[in-house]
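1. kindly return the folded structure for what I paste below:
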Amino acid sequence: MPQPVIRATNITRNLKLGSHLVHALRGVNLEILPKEMVGIIGPSGSGKSTLLGIIGGLDSPTDGRIEIDGVDITRMSENQLTDIRNRKIGFIFQFFNLIPTLTALENVALPIEFAQVPRHKPNRRAMELLEMLGLDDRFHHRPNELSGGQQQRVAIARALANDPPILLADEPTGNLDTVSGDTVMEALNRIRDEKGTTVVLVTHDRSLASQMDRVLTLVDGVIVDGVPVS
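-> Numbers count the residues shown, from 1 in each chain. Alright, predicted model coming up:
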């Protein structure tokens, strides 16, 4: 059996809101294997985005341990975490987070240019990814000239720019209509199938989650089930 690419052990996260202590995560344990597509669902405020941020090294747990490819990232310095994120993890956000003054091509090429050791020629790699996602006629369009679904596909291309083995997606279809959302999900499935990428996707949409290999349900900061999706 392959070793987990992501392992969380007894993850807790406490947040102080004014005089109140909020227990966002209460001892989360999970293992995610290479090439899996895993959905994380649950009600608003259940800790889904908090867990995703901790897995990706954007936030630190109050207690517990996160391993990426067997390496504990929990106590790493910010420079070490930046290196892990650059090499191992791509992020997709609900609100796209594209730079409005840059074209689609420039948005995708940017993280390659910033990589400490670029693995690709930025423009060539950006073109390849945009073509793979059906955007070869949108290279020179800025975000405000693209539909929501097209912007999200640009964001996916950007997340894949440095060939990360892990893709973390936080409500990637939350601002899209059904047709655009289906197009984005087709893109994620294709990426997993063609590149062997591990995908972890937070969503409130159960029909979307049903397309995953496995679904984890968070309620009040605790995983209450994790069953294969038939």
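2. hey, let's count contacts and neighbours off CA atoms from now on
-> OK.
3. now Ser180, nearest residue through space, not along the chain?
-> Spatial nearest neighbour of Ser180, excluding adjacent residues (CA to CA, 6 or more residues apart in numbering): Gly149 at 4.7 Å.
4. the helix or strand that contains the one you found: what's the following helix or strand?
-> Applying DSSP states H and E as the criterion places Gly149 in helix 148-159. Next along the chain after helix 148-159, taking DSSP H and E as the criterion, comes strand 166-170.
5. that following strand pairs with which strands?
-> Strand pairing for strand 166-170, determined by DSSP bridges: strand 89-92 (parallel), strand 198-202 (parallel).
6. residues touching the helix holding Gly149, excluding its own?
-> Residues outside helix 148-159 that contact it (CA atoms under 8 Å, 6 or more residues apart in numbering) are 90-93, 96-98, 104, 107-109, 111, 126, 129-130, 133, 135, 143, 167, 172, 175-176, 180-181, 183-184, 187.
7. same check, this time on stretch 13-23
-> When contacts are defined by CA under 8 Å, 6+ apart, stretch 13-23 is touched by residues 12, 24-26, 60-63, 221.
8. and the helices in the chain?
-> For the chain, the helices defined by DSSP state H occupy 48-55, 78-88, 104-114, 122-132, 148-159, 178-195, 206-209.
9. how far away is the most centrally placed residue in the chain from Arg190?
-> Against the mean C-alpha coordinate of the chain, by CA atoms, centre = their mean, the closest residue is Leu168 at 1.4 Å. The gap separating Leu168 from Arg190 is 15 Å, by CA to CA, to the nearest Å.
10. OK, contacts around Leu167?
-> Residues counted as contacts of Leu167 (CA under 8 Å, 6+ apart) are 89-92, 159-160, 197-200.
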